[in-house]
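In: Let me see the structure of the following:
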Amino acid sequence: MLMSQGRPARLMYMANGFRVLAQGDHVVCAKSGAQISLEALRYWSVAKQEPYATAEIAAKAALEE
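Out: Down below sits the predicted model:
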């Protein structure tokens, strides 16, 4: 896991969680570009397979569909 520090993870987003496909310690918000630690990741789109930093950003992204 030490080699994963500072690297973005690659995830598969599912309805009730996510699966780590490539080790890392964060993902990048699809809209804001903010880094989100995996421990803090709460919002994503299963359909778009992208993460969001906040509930507000996730709601706005959902309205764009």
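In: which SS class is residue 59?
Out: Secondary structure, DSSP: H, G, I helix; E, B strand; the rest coil: residue 59 is helix.
In: then stretch 22-40 to CSV, C-alphas only?
Out: Extracted in CSV, the C-alpha atoms of stretch 22-40 (Å, rounded to 0.1, in the frame of the first residue of the first chain):
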residue,chain,number,x,y,z
ALA,A,22,-5.8,-0.1,-9.6
GLN,A,23,-4.4,0.8,-6.2
GLY,A,24,-4.1,4.4,-5.2
ASP,A,25,-5.0,6.7,-2.3
HIS,A,26,-7.4,9.1,-4.0
VAL,A,27,-9.6,9.8,-7.0
VAL,A,28,-10.2,13.1,-8.8
CYS,A,29,-13.6,14.7,-8.9
ALA,A,30,-15.0,14.6,-12.4
LYS,A,31,-16.3,18.1,-12.2
SER,A,32,-14.1,20.1,-9.9
GLY,A,33,-10.8,18.4,-10.2
ALA,A,34,-10.4,18.1,-6.5
GLN,A,35,-8.6,15.1,-5.0
ILE,A,36,-10.9,12.9,-2.9
SER,A,37,-9.3,10.3,-0.5
LEU,A,38,-10.9,6.9,-0.8
GLU,A,39,-11.9,7.1,2.8
ALA,A,40,-13.8,10.3,2.1
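In: per-residue confidence averaged over it?
Out: For stretch 22-40, mean pLDDT is 97.
In: chain center to it, what's the gap?
Out: Taking the mean of its C-alpha atoms, stretch 22-40 sits 5 Å from the chain's own mean (CA atoms, centre = their mean, to the nearest Å).
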